[in-house]
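**Q** Everything below, folded, please.
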Amino acid sequence: MKHLAILTGGGDAPGLNAVIRAVVKTAIQEYGCEILGVRNGFDGFLDPGGIFQLDLEAVRGILPRGGTILGTANRGNPFARKVIRNGQVVIEDYSQQIIDNIKSLELDALIVVGGDGTLRIARDLWHLGVPVVGVPKTIDNDINGTDYTFGYDTALNAAMDAIDRLHTTAEAHHRVMILELMGRDAGFIALNAGLAGGADVILIPEIPFRFEAIVRKIRRRVARGTYFSILSVAEGARPQGQEQVYAIEGDAVYTPRLGGIGNEVARYLTEQGGFETRVTVLGHLQRGGSPTAFDRALATRFGAAAVRLAKQGGFGRMVALHGTRVEDISLEEALATPRRVDVNGDAVLTARALGISFGDD
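**A** Residues are numbered from 1 along each chain as shown. Presented below is the predicted three-dimensional model:
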């Protein structure tokens with residue numbers, strides 16, 4: 001094993017630089033490999049200057065930094081790329097060009113760091129002969145086969161901190177405070193931030209809710225003399241019998257962007273419940289900033305394990321955390337079923353026992 005490359009795709013997440021650092025240091029110091037960086041996801045294989053050499057100096061000091069020194073692209077699918085032809089937007093397959101460019105670099109392995117979309121592209125390229133090793137990354141924690149993805153813990157702590165801050169102003173003004181959180185179709189951030197932050201209502205995609213149930217919960221609190229409430233709301237939460245709310249619709253290339261359910265809930269609580277309600281959309285604050293100790297350590301372990309897996313020829317596989325051990329599973333297994341909150345699991349049962357409403361009662 002002499003030539004490796006690494007890219008980061010999809011949305012950014014705290015811990016990406018820790019992975020890059022671990023890959024570079026392990027490849028150079030343990031195996032004497034040359035390591036290349038690919039800029040802006042898979043687009044780097046198509047763009048001039050998209051490939052550059054990484055050395056120990058390039059990763060010095062990046063461990064505590066958020067973002068990624070490689071850049072990323074969450075719309076960089078080589079199998080479906082938007083281009084302009086004769087003034088018209090068309091969708092073209094650039095995968096063969098990328099495969100040819102990878103072969104020309106004589107890579108022994110390509111380490112792909114990303115969420116389900118990026119890892120799905122990696123799997124498809126592996127089926128076409130590219131020696132790929134995957135590293136799971138997403139603040140949503142929704143990749144199957146690993147107990148945790150790095151980035152999630154940092155996002156969770158940012159969400160919990162926001163709930164803590166909202167408590168004081170909610171209590172002072174006797175208001176209902178709604179915090180809308182990321183997570184796409186998985187409710188891990190909203191659930192565990194709500195549980196850790198003492199939310200009164202938690203709305204997640206896995207448990208469709210009823211507006212009337214939320215009103216009843218808040219009115220019960222008021223009847224007991226508690227004139228404020230905190231709602232932790234996942235962006236993918238939806239009322240029973242209704243669709244999710246999207247801020248931006250998708251198309252053949254771009255996935256739709258969730259957002260706006262917090263305002264829908266606020267509107268109902270104001271108009272039908274008579275509560276003074278405010279909405280905070282935490283948004284990309286969850287994705288930025290310095291990674292927590294947990295995410296730094298996990299990302300570092302994943303990066304080093306990915307290089308070892310490449311050395312063993314474990315292509316078409318992904319490193320994963322199982323309990324306290326970093327092991328590996330096939331990309332097929334990782335992508336077979338998205339990871340979701342267990343509605344009968346300990347976290348949900350604990351929340352219900354504490355009197356937290358999921359809007360389904």
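**Q** wouldn't Arg339 be in contact with Tyr148 here?
**A** No: the pair formed by Arg339 and Tyr148 falls short of the contact definition of C-beta atoms under 8 Å, at 10.2 Å. Every C-beta, even on glycine, is put in place using the N, C-alpha and C of the backbone.
**Q** Pick out whichever of the two has more residues nearby.
**A** Between Arg339 and Tyr148, counting by other C-beta atoms under 10 Å, Arg339 is the more crowded of the two (21 against 16).
**Q** can you give me phi and psi for that one?
**A** Taking degrees, to the nearest 10, you get phi -80, psi 130 for the backbone angles of Arg339.
**Q** got the contact list for the residue nearest to Glu333 when sequence neighbours are not counted?
**A** Spatial nearest neighbour of Glu333, chain neighbours left out: Gly145 (5.4 Å); criterion: C-beta to C-beta, 6 or more residues apart in numbering. Each residue near Gly145 by C-beta atoms under 8 Å, 6 or more residues apart in numbering is listed here: 318, 320, 329, 333-334.
**Q** So which of the residues you listed sit within strands?
**A** 318, 320, 329 (DSSP state E).
**Q** circling back to that earlier point, which residues are in contact with both of Arg339 and Tyr148?
**A** Here Arg339 and Tyr148 share the contacting residues Asn141, scored by C-beta under 8 Å, 6+ apart.
**Q** ok, which stretches of the stretch 51-200 of the chain are strands?
**A** Taking DSSP state E, counting those that start in this stretch as the criterion, the stretch 51-200 of the chain carries its strands at 51-54, 81-85, 88-92, 109-114, 132-136, 176-181.
**Q** who wins for proximity to Ile202 among those?
**A** Minimum separation from Ile202 across the strands of the stretch 51-200 of the chain (C-beta to C-beta) falls at strand 176-181, 10.1 Å.
**Q** What separation is there between the residue nearest to Glu333 and Ala336?
**A** Using C-beta to C-beta, to the nearest Å, Gly145 is found at 8 Å from Ala336.
**Q** cool, Thr280 as well?
**A** Separation of Thr280 from Ala336 (C-beta to C-beta): 36 Å.
**Q** neighbour-wise, which of the two wins?
**A** Applying other C-beta under 10 Å to Thr280 and Ala336 shows that Thr280 carries more neighbours, namely 18 against 10.
**Q** List the residues that contact that one.
**A** Residues near Thr280 by C-beta under 8 Å, 6+ apart: 162, 166, 177-180, 262.
**Q** Nearest to Asn77 among the residues you listed?
**A** Closest approach to Asn77 among the contacts of Thr280 (C-beta to C-beta): Glu180, at 27.3 Å.
**Q** May I have the residues that are in contact with the closest one?
**A** Applying C-beta under 8 Å, 6+ apart, the residues near Glu180 are 233-235, 259, 261-262, 279-282.
**Q** Equivalent analysis for Ala158, please.
**A** By C-beta under 8 Å, 6+ apart, the residues touching Ala158 are 282, 285-286, 289.
**Q** Just the pLDDT at it, thanks.
**A** The score at Ala158 is 97. That number is its pLDDT.
**Q** Look at Ile248 and report its pLDDT.
**A** Looking at Ile248, its pLDDT reads 82.
**Q** Just give the nearest non-adjacent residue to it, would you?
**A** For Ile248, ignoring the flanking residues on the chain, the nearest one in space by C-beta to C-beta, 6+ apart is Arg257 at 4.1 Å.
**Q** again, but for Asp43
**A** Gly76 (4.5 Å).
**Q** Hmm, that neighbour is touching Phe42, no?
**A** Yes: counting by C-beta under 8 Å, Gly76 touches Phe42, with 5.0 Å between them.
**Q** Counting neighbours, go ahead and name the busier of the two.
**A** Using other C-beta under 10 Å, the more surrounded residue of Gly76 and Phe42 is Phe42, with 27 against 22.
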